[in-house]
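Q: Here is the input, now give the coordinates:
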Amino acid sequence: MSRRRVAITGQGIVSPLGNDPATFFAALMAGRSGIARLQADFADQLDCRIAAQADFDPQAHFTRSQAASLDRVSQFALVASSQALACAGIAPGDLDRARSGVALGTGMAGSGS
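A: Numbering: from 1, shown residues only. All right, here's what the predicted structure looks like:
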């Protein structure tokens, strides 16, 4: 049996507790919750009006046409991936795809698309 080592070299996150690893972990350590009253236009039509929403502006990361062509979960994944590469000190063009991988976690994201 061959043993392969894995190294986590970068992290990225978009979440209700922050949109970068430092902010997210600081909020966790402070015991903050990302759950709040839902501020969407349709909230009054829902039975449950609380949610954990990410404060995320796609225009800060994508052109208008790029943002329109990506669903919200894809936007989150691309931003978090860019953060992870930057954290690892890897330029996207320098990535060794044969020796690289991504772990992505989500809860219900993309269920509508």
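
Q: Provide a list of residue ranges in the chain with pLDDT below threshold.
A: Applying pLDDT under 70 to the chain flags the ranges 111-113.

Q: now the strands: where do they sit in it?
A: 35-37, 50-52 (DSSP state E).

Q: Pick the most buried one from those.
A: Looking across the strands of the chain with neighbours counted as mean count of other Cβ atoms under 10 Å, the highest average goes to strand 50-52: a mean of 13. (Each C-beta comes from the backbone N, C-alpha and C, glycine too.)

Q: Give the pairing partners of that strand; include direction for each.
A: In the sheet, strand 50-52 lines up against strand 35-37 (antiparallel) (DSSP bridges).

Q: what does the strand it pairs with contact?
A: With Cβ atoms under 8 Å, 6 or more residues apart in numbering as the test, strand 35-37 has contacts from 16, 43, 49-53.

Q: Tally up the residues packed near the spatially closest residue to Ala43 that is not a sequence neighbour, please.
A: With sequence-adjacent residues excluded and distances taken as Cβ to Cβ, 6 or more residues apart in numbering, Ala43 is closest to Arg49, at 5.0 Å. Using other Cβ atoms under 10 Å, Arg49 has 13 neighbouring residues.

Q: May I ask you to confirm that Arg49 is in contact with Ala40?
A: No. Between Arg49 and Ala40 there is no contact under Cβ atoms under 8 Å: 9.1 Å.

Q: And the residue sitting nearest the centre point of the chain, how far from Leu78?
A: Per Cα atoms, centre = their mean, the C-alpha nearest to the average position across the chain is that of Val14, at 3.1 Å. Using Cβ to Cβ, to the nearest Å, Val14 is found at 9 Å from Leu78.

Q: before we move on, back to that, pretty sure the residue nearest to the centre of the chain contacts Ser82?
A: No. If you go by Cβ under 8 Å, Val14 and Ser82 don't touch, sitting 10.5 Å apart.

Q: Quick check: the gap between Ser81 and Leu17.
A: For Ser81 relative to Leu17 (Cβ to Cβ), the value is 19 Å.

Q: quick one, which of those two is more surrounded?
A: Ranked by neighbour count (other Cβ under 10 Å), Ser81 and Leu17 place Leu17 first, with 18 against 15.
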